[in-house]
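# A predicted structure for the sequence below; I have some questions about it.
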Number of protein chains: 2
Amino acid sequence: MQPKSSTDTPPADEPFLLEEFLPYELSVAANRASRLFARRYSEAFGLSIAEWRVMAMVGRFGTISPGAVAERAEMDKVKVSRAVASLVAAGLAEQGPDPQDGRARLLRLTRKGRHMHQDIVPLARTLEAQLAAGLSADEWAALRNCLRKLYAHVRRLDAAEPRPKDGKATRLPE
Amino acid sequence: MQPKSSTDTPPADEPFLLEEFLPYELSVAANRASRLFARRYSEAFGLSIAEWRVMAMVGRFGTISPGAVAERAEMDKVKVSRAVASLVAAGLAEQGPDPQDGRARLLRLTRKGRHMHQDIVPLARTLEAQLAAGLSADEWAALRNCLRKLYAHVRRLDAAEPRPKDGKATRLPE
DNA sequence: ACGGGTTAATTACAAATGCAACCAAAATCA
DNA sequence: TGATTTTGGTTGCATTTGTAATTAACCCGT
């Protein structure tokens, strides 16, 4: 079997195969996994992924501000805000004022929320284990490792990018 | 340094760390990458990712039906339909009737579209190379490999899943 | 202590998405 | 052949998402 180019200089005019284009594969794999997850969590707990992430964070820290959640969970402020709103509506979390800072809020889980959190975490671990089952232990470890590296790298590229900032913001679909 | 569990049986009550939860990492990495891509393509060609994928497919096959594009590019029918509409509006592609099948359409690029396609592919390769630059050749290869395996596996899990099918379809956010 | 600039969070509005309903043209079959 | 079902594709509607604007409170220099 031939070495089959990987990081060599971009191949010239061979036809472009979308299915072998890493960003595409990454996106597709991630979407599939997310879907599966979303479905299970939706069925089991009626939670969206955003809500689930917030629950995970609040459950972990006990008390945390929306901003901190957004930062730690790589979520948009707005998304957090909305997720929190619906968690509150569902009686799973509550928002109190932050005595230290008048504009900030402090989130915490209600009794009900804490209870649910206890069920939520094991399900996550189970699901992760199910995914892991498709790869060897080494591959799984490699995947985690590479994914992190890639992420860090993209982050750098992204940061280096000259943000449009000012000009009429082009909406970024997908 | 301790072996630090990876695929061992789900850890018991250690706090749940979202940042180390693979599906999360996968999703975050994919989103970052997509964003970067979307921005670049949007700036350079005014294309969304969906449009770009369609262009890639049509450009590659010369002539192809929307359905085939959807299948090969892992896209939703509707998404393809809309992407095609906007490509047509932009004068990049055209839709003709399929002589073989009255309900199907045949897509192909216009002169303008073909021309743009020639610029689009190199940009994709460049971007991919930029991503690859963050990892060693081995890691990159491993990532591709594991990603594919994971994808195939998720697909299986997903297929095995008892589709809600009937009951009031729960909307799957994200 | 007060005005300018920030930061936390929510709200408002616009664009994008997904699902279901829909139309039209096959294919299946009695 | 004619009715029934299936398939290709588009359209409508409700939900979601993202960006920008808004409100409120903080920080800082004077």
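Received, thanks. These numbers come from a predicted model, not from an experiment.
# where does chain A dip in pLDDT?
Regions of chain A meeting the criterion pLDDT under 70 cover residues A:1-13, A:162-174.
# hmm, 50 instead?
Residue ranges of chain A with pLDDT under 50: A:1-9, A:165-174.
# longest strand of it?
In chain A, taking DSSP state E as the definition, the longest strand is strand A:101-109.
# how about whichever helix or strand comes after that one: buried residues?
Once the chain leaves strand A:101-109, the next helix or strand it forms, by DSSP states H and E, is helix A:111-132. Buried residues in helix A:111-132, counted by 16 or more other C-beta atoms under 10 Å in any protein chain shown: A:Gly113, A:Arg114, A:Met116, A:His117, A:Ile120, A:Val121, A:Ala124, A:Arg125, A:Leu127, A:Glu128, A:Leu131, A:Ala132. For the C-beta atoms, the positions are set from N, CA and C on the backbone; glycine is no exception.
# Can you tell me which of those is nearest chain B?
Closest approach to chain B among those (C-beta to the nearest C-beta): A:Arg125, at 3.6 Å.
# Is there a neighbour count for the closest residue to DNA strand D within chain A? I'd like the number.
Distance from DNA strand D to each residue of chain A (C-beta to the nearest atom of the strand) is smallest for A:Gly102, at 2.6 Å. Close neighbours of A:Gly102, defined as other C-beta atoms under 10 Å in any protein chain shown, add up to 7.
# And the buried residues of helix A:111-132, which is closest to DNA strand C?
Nearest member of these to DNA strand C, counting by C-beta to the nearest atom of the strand, is A:Gly113, at 15.9 Å.
# In space, what's closest to that closest one - neighbours in sequence excluded?
A:Leu92 (3.7 Å; C-beta to C-beta, 6 or more residues apart in numbering or on different chains).
# before we move on, what about A:Leu22?
B:Glu128 (5.7 Å).
# do the same with A:His153
Using C-beta to C-beta, 6+ apart, the nearest residue to A:His153 is B:Gly134, at 2.7 Å.
# phi, psi of the one you found?
phi -80, psi -10 (degrees, to the nearest 10).
# contacting residues for it?
A:Lys149, A:Leu150, A:Ala152, A:His153, A:Val154, A:Arg156, A:Leu157 (C-beta atoms under 8 Å, 6 or more residues apart in numbering or on different chains).
# Can you tell me which of the residues you listed are buried?
A:Lys149, A:Leu150, A:His153, A:Val154, A:Leu157.
# out of these, which one sits closest to DNA strand C?
Lowest distance from DNA strand C to these (C-beta to the nearest atom of the strand) belongs to A:Val154, with 19.1 Å.
# how about stretch A:56-67: buried residues?
Buried positions in stretch A:56-67, judged by neighbour count with 16+ other C-beta under 10 Å: A:Ala56, A:Met57, A:Val58, A:Gly59, A:Ile64, A:Ser65, A:Pro66.
# out of these, which are inside helices?
Taking DSSP state H, the ones among the buried residues of stretch A:56-67 that sit in helices are A:Ala56, A:Met57, A:Val58, A:Gly59, A:Pro66.
# how about the third one, what does it touch?
Pointing back at A:Val58 there. Contacts of A:Val58 (C-beta under 8 Å, 6+ apart): A:Ile64, A:Val69, A:Ala93, A:Leu107, A:Arg108, A:Leu109, A:Gly113.
# Next one: the first one from B:Ser27, what distance?
Going from A:Ile64 to B:Ser27 by C-beta to C-beta, to the nearest Å gives 21 Å.
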